[in-house]
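J.: I would like to see how this sequence folds:
(2 chains)
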Amino acid sequence: MREGFALPRTIGAVDMGGRLLNRIILYLELVRMEFVNNLAYRSTYFTGIFNYSIQIGAYYFLWDAIYAGGKVIGGLNREEMITYVIVAWVARSFYFSNLDRRIALEIVEGKIALELIRPYSYQMVKYARAFGEAIFRMLFFAFPAGLMFSVVRPFGLPPDVLSAVLFIIAILGSFAIYAQISMLVGFVVFFTKSTTGIYKAKRIVMDLFSGLLIPITFYPQWAIDIIKLFPFQAVSYLPNMIYLGKATKAGALNIIALQAFWIIVLWIACSLVWRFAVKHVVIQGG
Amino acid sequence: MKASSSFRKKAVRYFMIFSHYLAQYMKTQMAYRADFMANVFSELFQQSINLIFIAVVFAKVPQIQGWSRDEIIFIYGFFLVPFGIYGGFLNHLFDVPEKYVLQGEFDRILIRPMNTWFQVVIETMKPELLMGSLTGFALMYYAGTSLGISPEWWDIPIAVGLVVGAALIYAGVYTFLASLGFWTEGNIGLMPMVYNLSHYGRYPMTIYRGLTRFLLTWVLPFAFVGFYPATLIMHRYEYLNYALLTPFIGIITFVIGYRVWTIGVKRYRGTGS
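T.: Numbering: from 1, shown residues only, chains lettered A, B, ... in the order given. Sure, this is the predicted structure:
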């Protein structure tokens, strides 16, 4: 509310507060909507769990064979490694989002033009929807899958309650960072006008450098030094270290602070790219 | 076939139609040259995930259950050859339940005087993915050289037989899964599962235990698209009997898959529009 200098400041402030509240209610509603939407298609997730089991199974067998000597490799012993694999994949079923595909599709089809004239923040709407889906997947995918695995192949739990709480906070951070990276990847389409190869490139980078497939400590030192400069390891590897109790309490807080740092950096990057793209890029089919 | 000459005519006709489709496909792809190249390269990069995984792990351990780094790379290299054929010609059997059955595209296939399976395959092929097979050859060459394998004359005919057998396994399994679409009329999500399971074939069967190994050998025989035949070509003969079974398993799998396809096609009733 900018108009009317005569308007007392306090009313303006209250109004701003009210607006913010409205905004929050709007985004929470979107979270809820997406959750309910997914609920309608929950049967597709049933086969998804089996699909995931097969993928986890592949890495479980592989790591089990690699550790056949029973040594400690890359700072992890056999049991820890198996817990690492299962937790990494189960956590991924929560933080994963396909924002890049959705955004890229809207850009390619020119639907983004419609989004631009709507009175909300495009990015926030996307995050809210993705979060709704993530909560759905946590309840109907991650938990049942985790439970199923713990029956088939029992794996370790966090050493104490505090680690568990810190891990959950860190996984929320994983969601934010993964969503923001996906957002940036989706925005690339503004410039390339084609989606070919982009998703695969993202997948390769995320699989290898987030620590999903290989704990970062397995890499040679020079690679570790490079990987540390990027936000990827904060998505999977670092939260897993909290889960395994490999990070001290201070270390865990440090990880969460690092995630916060990356969330801010990526937030700025997303806003800059978004502003530039919207101003300079031709909308296709608009 | 009444006479062999009519068979030859038919084969020539199918080959001609295949080449027309191929030419047409190349024309459409060349309209988006950059995309085409990006597609090919991203496919090659995809394979680098597994190679990096192998390189990183073997920097820490000397061997996995008696298999050295180069042996694992050799197996992966062999695995990629039939996998390239699968990617180029069979991957889009994925489309059958949704696109052909549910949306009724199969009507168009049925009114043409040609084998239905062949039509679907050449309509949906992406032959550029055969490039993946080249990576496979390169990896086998690299690993084979550093393992000091000296090629024998019989390696080539045997390799051809094994690759064809492995490709037939893919063809059989995916034709079977695609055919289920004639009953389910839509996707039931089995294909991605089986796709992920097929990747089990790129590692030695010795790492899998009990039920899993049995399943991969005798039920969904993906042990025969990578590991078993690869051991024969790298001249390790512990699994000779299994390796030699590859072409037969391929034929059996394909016959079953194709049989289910023909039954499914008879069930097809169109969308009614």
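
J.: For the rest of this, base every contact and every neighbour count on C-alpha atoms.
T.: Will do.

J.: Excluding chain neighbours, what is closest to the residue of chain B found nearest chain A?
T.: Distances between chain B and chain A by CA to the nearest CA are smallest at B:Met193, namely 4.7 Å. Nearest residue to B:Met193 in three dimensions, chain neighbours excluded: A:Asn51, at 4.7 Å (CA to CA, 6 or more residues apart in numbering or on different chains).

J.: next one: B:Leu110
T.: B:Thr116 (6.7 Å).

J.: Wait, the one you found touches B:Ile109, no?
T.: Yes: between B:Thr116 and B:Ile109 a contact is recorded at 6.1 Å, counting by CA atoms under 8 Å.

J.: ok so, going back, how many neighbours does the residue nearest to B:Leu110 have?
T.: 17 (other CA atoms under 10 Å in any protein chain shown).

J.: Read off the pLDDT value for it.
T.: Looking at B:Thr116, its pLDDT stands at 94.

J.: for the one 10 residues further on, same thing?
T.: In the predicted model, B:Lys126 carries a pLDDT score of 89.

J.: Ramachandran angles for it?
T.: phi -130, psi 70 (degrees, to the nearest 10).

J.: tell me the contacts of it?
T.: B:87-89 (CA atoms under 8 Å, 6 or more residues apart in numbering or on different chains).

J.: Let's see that with 10 Å instead.
T.: Neighbour list for B:Lys126: B:22, B:25-26, B:29, B:85-92 [criterion: CA atoms under 10 Å, 6 or more residues apart in numbering or on different chains].

J.: and if you look at A:Gly173?
T.: A:95, A:167, A:179, A:234-235, A:239, A:255-260, A:262-263.

J.: Could you do B:Phe182 as well?
T.: B:96-98, B:100-102, B:260-261, B:263-270.

J.: Report the buried members of the residues you listed.
T.: Neighbour counting by 16 or more other CA atoms under 10 Å in any protein chain shown classes B:96-98, B:100-102, B:260-261, B:264-265, B:268, B:270 among the contacts of B:Phe182 as buried.

J.: Tabulate the residues you listed (JSON lines), appending secondary structure, pLDDT and distance to chain A.
T.: As requested, these are exported to JSON lines (DSSP: H, G, I helix; E, B strand; the rest coil; pLDDT from 0 to 100; distance: CA to the nearest CA, whole Å):
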{"residue": "B:Val96", "secondary structure": "helix", "pLDDT": "87", "distance to chain A": "18"}
{"residue": "B:Pro97", "secondary structure": "helix", "pLDDT": "87", "distance to chain A": "15"}
{"residue": "B:Glu98", "secondary structure": "helix", "pLDDT": "85", "distance to chain A": "15"}
{"residue": "B:Tyr100", "secondary structure": "helix", "pLDDT": "89", "distance to chain A": "20"}
{"residue": "B:Val101", "secondary structure": "helix", "pLDDT": "88", "distance to chain A": "19"}
{"residue": "B:Leu102", "secondary structure": "helix", "pLDDT": "87", "distance to chain A": "17"}
{"residue": "B:Val260", "secondary structure": "helix", "pLDDT": "96", "distance to chain A": "23"}
{"residue": "B:Trp261", "secondary structure": "helix", "pLDDT": "95", "distance to chain A": "23"}
{"residue": "B:Gly264", "secondary structure": "helix", "pLDDT": "93", "distance to chain A": "23"}
{"residue": "B:Val265", "secondary structure": "helix", "pLDDT": "93", "distance to chain A": "25"}
{"residue": "B:Tyr268", "secondary structure": "coil", "pLDDT": "88", "distance to chain A": "24"}
{"residue": "B:Gly270", "secondary structure": "coil", "pLDDT": "79", "distance to chain A": "25"}
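
J.: Can you pull the phi/psi pair for the spatially most central residue of chain B?
T.: Geometric centre of chain B, nearest residue: B:Tyr86, 2.9 Å, by CA atoms, centre = their mean. Backbone torsions for B:Tyr86, taken as degrees, to the nearest 10, come to phi -60, psi -50.

J.: Against A:Val281, how distant is it?
T.: 39 Å (CA to CA, to the nearest Å).

J.: Helices of the stretch 151-286 of chain A, start to end?
T.: A:161-192, A:198-209, A:221-227, A:237-243, A:249-280 (DSSP state H, counting those that start in this stretch).

J.: Lowest mean pLDDT across the ones you listed, which one is that?
T.: helix A:198-209 (a mean of 88).

J.: That one to helix A:161-192, inter-axis angle?
T.: Here the directions of helix A:198-209 and helix A:161-192 differ by 150 degrees (axes from the mean of the first three to the mean of the last three CA atoms, to 10 degrees).

J.: Which residues belonging to the host helix or strand of the residue nearest to B:Met193 are considered buried?
T.: Here A:Asn51 sits within helix A:42-66, counting by DSSP states H and E. Using 16+ other CA under 10 Å as the burial criterion, the residues of helix A:42-66 that qualify are A:42, A:45, A:47-66.

J.: Give me every residue in the stretch 101-250 of chain B lying close to chain A.
T.: B:187-197, B:199-200, B:203-204, B:206-209, B:212 (CA under 10 Å from any CA of the partner chain).

J.: mind checking pLDDT for residue 46?
T.: The chain I'm using is chain A. We have a pLDDT of 74 for A:Phe46.

J.: um, chain B though
T.: In this model, B:Gln46 is scored at 82, pLDDT.
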